[in-house]
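Novice: How does the following fold in three dimensions:
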Amino acid sequence: MTPSSAYAARYWHRHEDGRIQCDLCPRDCKLHEGQRGACFVRARQDEQMILTTYGRSSGFCIDPIEKKPLNQFYPGSSVLSFGTAGCNLACKFCQNWDMSKSRDMDRLMDQASPETIAAAARKHGCKSVAFTYNDPVIFAEYAMDVADACHAQGVQTVAVTAGYLHDQARREFFSKMDAANVDLKAFTDEFYFKLTGAHLQPVLDTLVYLRHETKVWFEITTLLIPGYNDSDLEISAMCRWIVNEIGGDVPLHFSAFHPDYKMPDVNATPLTTLVRARNIALLAGLHFVYTGNVHHEAGDTTCCANCHSPLIVRDWYQIKHYGLNPEGRCAHCGTALAGRFDAHCGNFGRQRIPVKLHQLHNNGD
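Specialist: Here you go, the predicted structure:
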């Protein structure tokens, strides 16, 4: 293992039986020498835990921030996105399984230091850097170092995560993040256990923590899978919990499932299901409810929570109308829109631009 790919990890202790226990997430993996955790990237080597993907990525790409999805975090801006390999959940419906389920370290082609990533984001005019594609909590040490380098350059940081981690790691990880999109995959522990190999409560704990103990701007995404988590009863219960525990101003995205990975025989989610879920959420008291992975202008539009005027009208990721004043308030009634905004809307649009950071590094830029 080369020095660039092995890094002394945090969040572990020596178990009484001699194994090393990982304390990053509730899986609590206990490892003998040479073994890897369920996430695949945290391993025991030379009597310590290492992170095998530090400084290595499956690739970098500049995306619209709305693709994360974050609709109320500097709308129209661009974000430099990257991930690594592995994941601490085992979702049978994973939509990024080629990266998150990868066991091939040779897939990690791009190598970049935190400083190189921050410099690339600044060079390309990106408002933020997103840790995405696979769950960044499993490469927390790398992500936090990148976040420090980004903040030194005036670049924001975004975590796209399932929120499945222990309290100490949760506090340290999110202290470095400016925004997050958290996957709330369902609202029953049975779903989490059978389809992800995890549990619901730690994710709810993360959401409550973000709302009440941090200044991180966050939005929630739920992938609706026909017959598994799309009933009126479950959606209603989830939305009531969100309103009661974290408030009606937290944006919620319902996205469409596409047959993939270990669930190729399940039908894709129809638009009617997303519209139904959105209506349930609005009736429950959520102010900002979006539909994802489909073309649906009403479900892409951000409306004022007070006068209901359309403030940000989107066509996919392209912003067609921006009705906020420079202070981030509704131009019609003056109500402040929840979120993070610049004086003017960005215009990055629907582009997706692959970036090779090693070329930037080699050129000395």
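Novice: CA atoms of stretch 57-67 as PDB?
Specialist: Provided in PDB are the C-alpha atoms of stretch 57-67 (Å, rounded to 0.1, in the frame of the first residue of the first chain):
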ATOM      1  CA  SER A  57     -10.900   9.900  -5.900                       C
ATOM      2  CA  SER A  58     -13.100   8.200  -8.400                       C
ATOM      3  CA  GLY A  59     -13.100  11.500 -10.400                       C
ATOM      4  CA  PHE A  60     -14.000  15.200 -10.200                       C
ATOM      5  CA  CYS A  61     -16.800  17.000 -11.900                       C
ATOM      6  CA  ILE A  62     -18.300  20.500 -11.800                       C
ATOM      7  CA  ASP A  63     -22.100  20.300 -11.300                       C
ATOM      8  CA  PRO A  64     -24.900  22.600 -10.600                       C
ATOM      9  CA  ILE A  65     -25.600  22.800  -6.900                       C
ATOM     10  CA  GLU A  66     -29.200  21.800  -7.500                       C
ATOM     11  CA  LYS A  67     -28.000  18.400  -8.600                       C
END
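Novice: For it, buried residues please.
Specialist: 57, 58, 59, 60, 61, 62, 63, 64, 65, 66, 67 (16 or more other C-beta atoms under 10 Å). (Glycine included, C-beta is placed from N, CA and C.)
Novice: Now pLDDT too, for those, in a markdown table please.
Specialist: Below are the buried residues of stretch 57-67 laid out as a markdown table (pLDDT from 0 to 100):
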| residue | pLDDT |
| --- | --- |
| 57 | 87 |
| 58 | 83 |
| 59 | 86 |
| 60 | 94 |
| 61 | 96 |
| 62 | 97 |
| 63 | 97 |
| 64 | 97 |
| 65 | 98 |
| 66 | 97 |
| 67 | 96 |
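Novice: Out of those residues, which comes closest to residue 229?
Specialist: residue 67 (22.5 Å; C-beta to C-beta).
Novice: What is the neighbour count of the spatially closest residue to the closest one that is not a sequence neighbour?
Specialist: Closest residue in space to residue 67, ignoring its immediate chain neighbours: residue 317 at 6.0 Å, by C-beta to C-beta, 6 or more residues apart in numbering. Look at residue 317: counted by other C-beta atoms under 10 Å, it has 20 neighbours.
Novice: Specify the beta-bridge partners of the residue nearest the centre of the chain.
Specialist: Central residue of the chain (C-alpha atoms, centre = their mean): residue 160, 1.0 Å from the mean position. Bridge pairing for residue 160 (DSSP bridges) gives the partners residue 181.
Novice: With secondary structure and distance to residue 150 added, can I get the buried residues of stretch 57-67 in a markdown table?
Specialist: Listed next are the buried residues of stretch 57-67 as a markdown table, based on DSSP: H, G, I helix; E, B strand; the rest coil; distance: C-beta to C-beta, whole Å:
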| residue | secondary structure | distance to residue 150 |
| --- | --- | --- |
| 57 | strand | 15 |
| 58 | coil | 19 |
| 59 | coil | 18 |
| 60 | strand | 13 |
| 61 | strand | 16 |
| 62 | strand | 14 |
| 63 | strand | 16 |
| 64 | strand | 18 |
| 65 | helix | 14 |
| 66 | helix | 20 |
| 67 | helix | 19 |
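Novice: Could you check the pLDDT of the residue nearest to the centre of the chain?
Specialist: In this model, residue 160 is scored at 98, pLDDT.
Novice: Can you name the residues that contact it?
Specialist: Neighbour list for residue 160: 68, 130, 131, 132, 133, 135, 136, 180, 181, 183 [criterion: C-beta atoms under 8 Å, 6 or more residues apart in numbering].
Novice: same thing with residue 196?
Specialist: Here residue 196 is in contact with 89, 90, 91, 92, 162, 185 (C-beta under 8 Å, 6+ apart).
Novice: who touches the second one in this structure?
Specialist: Right, residue 90. 38, 196, 197, 198 are the contacts of residue 90 under C-beta under 8 Å, 6+ apart.
Novice: Can you tell me which of those comes closest to residue 357?
Specialist: residue 38 (28.7 Å).
Novice: For that closest one, pull up the helix or strand it's in.
Specialist: For residue 38, there is no host helix or strand (DSSP states H and E).
Novice: what's around it, how many residues?
Specialist: 18.
Novice: right, and it touches residue 29 too?
Specialist: Yes: counting by C-beta atoms under 8 Å, residue 29 is a contact partner of residue 38 at 5.6 Å.
Novice: Export stretch 82-93 to CSV, keeping only CA atoms.
Specialist: Presented in CSV, the C-alpha positions along stretch 82-93 are these (Å, rounded to 0.1, in the frame of the first residue of the first chain):
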residue,chain,number,x,y,z
PHE,A,82,-16.0,14.1,-6.0
GLY,A,83,-16.2,10.8,-4.1
THR,A,84,-14.0,7.8,-3.4
ALA,A,85,-15.0,4.1,-3.1
GLY,A,86,-17.0,2.2,-0.6
CYS,A,87,-19.9,2.9,1.7
ASN,A,88,-21.0,2.0,5.2
LEU,A,89,-24.6,1.2,4.1
ALA,A,90,-25.6,-1.8,1.9
CYS,A,91,-28.5,-0.3,0.0
LYS,A,92,-30.0,-2.9,-2.4
PHE,A,93,-31.3,0.0,-4.5
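Novice: Go through that stretch and flag the buried ones.
Specialist: 82, 83, 84, 85, 86, 87, 88, 89, 90, 91, 92, 93.
Novice: from the residues you listed, which is closest to residue 151?
Specialist: residue 82 (17.0 Å).
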